[in-house]
Structures are given as C-alpha cells and as structure tokens.
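Novice: Give me a 3D structure for the following:
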Amino acid sequence: MSTPHVGDPTDPHTPTYPHLFPSGCSPHVRGVDEHTRTWLAATAITDAGDAGARLKATRVGHIVARLYPAAPAPLLELAADVFAWLVAFDDAHVEATDVSAEILAPRIASFVQVLETGTTPAQDVFAGALADLADRIRDLMTPAQAERVLAGLKEVLLAMLWETTTHQRRIALAEYRAMRPHTVFGHFATTLVEPCAGLELPAAAHADPRVRRLRHGLATLWAWTNDLDSYRTERQALGSEPQTLPGILGREHGLTENEAFAEARRMCDTQAAEVHRLITELAASPIPALPAYAQALGHAIGGTQELRRISDRWRTA
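Specialist: Numbering: from 1, shown residues only. This next block holds a predicted model:
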C-alpha cells in the first residue's frame, strides 16, 4: 500500500518535498536482503572490515524494495546485487585515501571489457561478480533494456574515474552539477525502473524530451537529497569540507553552513516540483506504457525518502 511522506519543515537538512510522491515496499524485501547477503558471501567482494560493515549498514535490499516496489523477485534480487557491487567498489577503492585516476584507470578499463565481452581478469573478485551481474541482466531483460542498463553501468564506472580526480582539487558548482547525478548512481537507478516495473517503452517514449528531462531531474534530486543526508557524516569522516552540494554552495557564494543548507533545500524542493509536474504531465500521455512508467518513477523517488529511516549507512560511516 502506498503512503505519502512529509518532510520536516523545521529541519533545514530535510527537504519538504517528499509529500509530493507516493511510496511502497515490495513484498519480497526480506527474501531479497537474504539473497544479497548470500551473493556477497559467494563473490567475496567484501570483508569483515569497515567497508563490509558500511555496506551491511546500507541495507541495499530494503532500498531497492522501495525503489522498485512492483518488481518480480529475480529482478529485485538483481537490482540489489548491482547496487551492492557499486557501493562495495566505491567504498573500498574509489573513496580510498591513496586512490588516483592513474591507479584506478586500468581497473575501470577491465570492468568495461567485462561488460562488453564477458572476459574477466584473473583473480579479480569484483570483475568476476560483475560478469555474473552482466549475464543476469541479459537473461532477465529484453535486449534493448539490457543494452541501456549495461551502458548505464559503464557511465557509472567512468563517473567513478572522474571522482578520483576530485580528491586533490576543488570542483566548481557547474562541474559538480554535471557529474554528481552519476557518482551517486542516480542516472543508473532510473534505467532499472522500466524493466523492474514490467514495462517495455516504445521508441516514441524514449525519444520524448520530457522523459529525458524527467530522468535527469530524478537523478539530480536523488543526488542533492543524498548530499543533505550525508553531509555531516562525510565531514566527520573526512575531517574537512566534503565536495557536495552544501559545501560547494557555501564556498562559491560565501554562505554560512545554515545559509548553504537553506539554499540546497530550496534547490531540492524546486527540482522536486519540476519532477512532479513532468510526472503528472506524462501520466496523461497517449503513448503506450508511458503513463505507467511516469508513475513508477514517482514511486522510485517517493521510496527513497525512506532512506534515512531504513539505512544506517551515514550513522555508521
């Protein structure tokens, strides 16, 4: 059953928009969580250290159950495993203190090769796990859907490589706005909505510029909201200002922390209003499957508003 969620208007770190979007939870949530724990143990991509504990705290099974509440169990398990892989690699390697683009580039290239050819480098557990995911994507989705999802994974990998270049330099707001929806996996998450909702959109829907704006708006909203949620924990972990929305706004515009959060919250609410407008407009479209797709995107953004309640990731970082 879908329920509305309302932001706290007295908390400057919480956008007020969640009431605009419905949310639900898949009945497969418990089974998906158990499946992903088993898959992670079998692939050995995490250990018992900090990275493994942080991934466990993320609770990806619960997150995807709210992102894609109508998905059948095999697709929901696949989505959870993909996000678990992305989070595990990001935590262990992209955010490592000694990482650089030069160090990470050969690894990223090998992953691209896995997605394109299925060839896996010897003794690389991440590559082996990624090959398993790619096979399952092709098995469970239509060829066109699989192509889009695999292309989305490549975009995430390249965004990870870009992220390593930001550790020793300051990034401008314009650069941040272009890349953050990719590094937070927002654009990739939108590619899974179609197959997980049991839909196959016609070419006219994919070509509709409103659909492209909606996907980008949704990915951007996820990114900015994530930055509000994670800012203080990341600052504590880094010992410095994180290069996310509040910090960059404060630096570029000379704002205090409270002023920067107020501006970031305003940006989130404005973006949410535009996303809601597009969903409402597309829900009345005569293009086959597009109304159902727009509604599924609405449930995806609504479901993520449960993130702070269901995930302990930022409380244990």
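Novice: Doesn't Arg277 lie inside a helix?
Specialist: Yes: assessed by DSSP: H, G, I helix; E, B strand; the rest coil, Arg277 belongs to a helix.
Novice: Find me the pLDDT at the residue nearest in space to the middle of the chain, would you?
Specialist: Central residue of the chain (CA atoms, centre = their mean): Phe185, 3.2 Å from the mean position. Reported pLDDT at Phe185 in the predicted model: 93.
Novice: ditto for the one 5 residues further on
Specialist: Among the per-residue scores, Thr190 shows a pLDDT of 96.
Novice: Show me what the helix or strand containing it is packed against.
Specialist: Secondary structure assignment for Thr190, by DSSP states H and E: helix 186-191. Applying 3 or more CB pairs under 8 Å, 6 or more residues apart in numbering; DSSP states H and E, one finds that helix 186-191 makes contact with helix 143-164, helix 209-238, helix 290-304. In short, each C-beta sits where N, CA and C put it, glycine included.
Novice: for Met141, phi and psi?
Specialist: phi -120, psi 160 (degrees, to the nearest 10).
Novice: mind listing what it touches?
Specialist: Residues in contact with Met141 (CB atoms under 8 Å, 6 or more residues apart in numbering) are Val149, Pro195.
Novice: on that earlier part again, columns mean neighbour count, mean pLDDT and distance to Ala42 on top of the helices and strands packed on helix 186-191, output as CSV?
Specialist: Compiled in CSV, the helices and strands packed on helix 186-191 are given as follows (neighbours: other CB atoms under 10 Å; pLDDT from 0 to 100; distance: least, CB to CB, whole Å):
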stretch, mean neighbour count, mean pLDDT, distance to Ala42
helix 143-164, 18, 96, 20
helix 209-238, 19, 88, 29
helix 290-304, 22, 92, 27
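Novice: and of those helices, who's closest to Ile137?
Specialist: helix 143-164 (5.1 Å; CB to CB).
Novice: For the stretch 1-150 of the chain, which segments count as strands?
Specialist: Remark: strands assigned in the stretch 1-150 of the chain by DSSP state E, counting those that start in this stretch are 3-4, 22-23.
Novice: Going by mean pLDDT, which of these comes out lowest?
Specialist: Mean pLDDT across the strands of the stretch 1-150 of the chain is lowest at strand 3-4; the value there is a mean of 34.
Novice: shaky segments in the stretch 51-200 of the chain?
Specialist: 51-58 (pLDDT under 70).
Novice: Could you rerun that using 80?
Specialist: Scanning the stretch 51-200 of the chain for pLDDT under 80 picks out the ranges 51-59, 122.
Novice: where exactly do the helices run in it?
Specialist: Per DSSP state H, counting those that start in this stretch, the stretch 51-200 of the chain carries helices over the ranges 60-67, 73-89, 101-117, 125-140, 143-164, 173-183, 186-191, 193-196.
Novice: so what secondary structure elements neighbour the fifth one?
Specialist: The helices and strands touching helix 143-164, judged by 3+ CB pairs under 8 Å, 6+ apart, are helix 73-89, helix 101-117, helix 125-140, helix 173-183, helix 186-191, helix 193-196.
Novice: hmm, who's touching it?
Specialist: Here helix 143-164 has contacts from 82, 86, 89-90, 94, 99-101, 103-105, 108, 111-112, 115, 134, 137-138, 141, 179, 182-183, 185, 187-188, 191-192, 194-195, 200, using CB under 8 Å, 6+ apart.
Novice: Write a PyMOL command that selects only the buried members of the residues you listed.
Specialist: Command for PyMOL that selects the buried part of the contacts of helix 143-164, burial taken from 16 or more other CB atoms under 10 Å:
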select buried, resi 82+86+89+90+94+99+104+108+111+115+134+137+138+141+179+182+183+185+187+188+191+192+194+195
